[in-house]
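>>> I'd like to go over a predicted model; first the sequence, then the structure.
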Amino acid sequence: MTIDEELNLLDSNLRRLKIEYEIYFSNPSKRAPADIEWKVLNLLRKFSDGGRMSFSQRYRYNEMAQRYAIYSDLWRKKLKIKEEGYSRPQDAMLSIQGIRTAEEHAAAAALQLAANKAFSVVCYDLEADSKNVEALFQAMMEAKKKTGETSSANFDSFKTFVKKKTEQIRQDYNCKAVEYSVELENGQVRLKAKAKS
């Protein structure tokens with residue numbers, strides 16, 4: 001099986017796992033889909049070093065790994081609620097609708113930063129990549145909150161900054177895309193940018 005075929009399998013297993021968990025949370029007699037989750041985790045571990053993958057394969061893998069991190073965090077919270085019963089009104093809401101997308105990105109970013117890994121996104125075109133820019137902004141705000149840094153930045157000014165920076169780097173380095181990452185450096189949150197071919 002080629003890497004692309006295995007990534008396709010990982011993607012379909014991840015989609016199936018999400019559906020199975022939705023069924024599990026809506027039906028108390030169902031059992032958690034541990035077997036599919038095991039398959040997903042095995043494939044994620046297999047490619048975690050990213051050594052044999054091309055840039056596009058690595059990008060695709062990272063996107064799926066982030067998606068799994070977001071889902072598993074949400075499922076863990078839902079399992080806790082299911083086991084302990086609803087204690088707060090927002091728990092009932094969480095059980096019904098899940099967490100909103102921006103918060104999901106922030107949760108994934110927090111997980112990565114907690115593991116001392118940078119949260120990164122690649123921007124090609126700012127209008128098309130607005131979700132990536134929003135995820136980056138949420139990740140930065142979440143990281144600042146965790147480190148106790150105060151920030152008065154709003155999304156619009158951040159988006160304008162990223163747009164200018166992307167244009168400048170693409171011009172200076174004659175590249176197609178710019179990779180932005182939120183990193184923790186000596187307890188301080190840093191936004192870094194680098195050219196991507």
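Happy to help now that I have it.

>>> need the contact list for K18.
Y71 (Cβ atoms under 8 Å, 6 or more residues apart in numbering). All C-beta atoms are positioned from the backbone trio N, CA, C, and that covers glycine.

>>> switch to 10 Å and redo it
Contact analysis of K18 by Cβ atoms under 10 Å, 6 or more residues apart in numbering lists P33, I36, V40, R67, Y68, Y71, L74, W75.

>>> Tell me which of those residues fall in helices.
Applying DSSP state H to those, the entries found in helices are I36, V40, R67, Y68, Y71, L74, W75.

>>> check contacts around the residue nearest to the second one when sequence neighbours are not counted.
Which is V40. Excluding its sequence neighbours, the residue lying closest to V40 (Cβ to Cβ, 6 or more residues apart in numbering) is N13, at 5.0 Å. Neighbouring residues of N13 by Cβ under 10 Å, 6+ apart: E20, I36, E37, W38, K39, V40, L41, N42, L43, L44, M64, Y68.

>>> ok, the fifth one touching L10?
Yes: assessed by Cβ atoms under 10 Å, K39 is found in contact with L10 at 8.6 Å.

>>> ok so, going back, what's the closest of the ones in helices among the contacts of K18 to K176?
The closest of the ones in helices among the contacts of K18 to K176 turns out to be R67 (Cβ to Cβ; 23.9 Å).

>>> The nearest residue to that closest one once chain neighbours are set aside and E183: what is the separation?
Of all residues not flanking R67 in the chain, L14 sits nearest, at 6.4 Å (Cβ to Cβ, 6+ apart). Relative to E183, L14 is positioned 26 Å away (Cβ to Cβ, to the nearest Å).

>>> in this protein, which spans are strands?
Taking DSSP state E to define them, one finds strands in the chain at 119-123, 177-185, 188-196.

>>> Pairing partners for the second one, with directions?
Based on DSSP bridges, the strands next to strand 177-185 in the sheet, each with its direction, are strand 119-123 (antiparallel), strand 188-196 (antiparallel).

>>> Output it in PDB with nothing but the alpha carbons.
Extracted in PDB, the C-alpha atoms of strand 177-185 (Å, rounded to 0.1, in the frame of the first residue of the first chain):
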ATOM      1  CA  ALA A 177       3.200  30.200   0.500                       C
ATOM      2  CA  VAL A 178       4.200  31.300   4.000                       C
ATOM      3  CA  GLU A 179       4.100  29.000   7.100                       C
ATOM      4  CA  TYR A 180       3.100  30.700  10.300                       C
ATOM      5  CA  SER A 181       3.600  29.100  13.700                       C
ATOM      6  CA  VAL A 182       2.700  29.900  17.300                       C
ATOM      7  CA  GLU A 183       5.600  28.800  19.500                       C
ATOM      8  CA  LEU A 184       6.500  29.100  23.200                       C
ATOM      9  CA  GLU A 185       9.900  30.500  23.700                       C
END
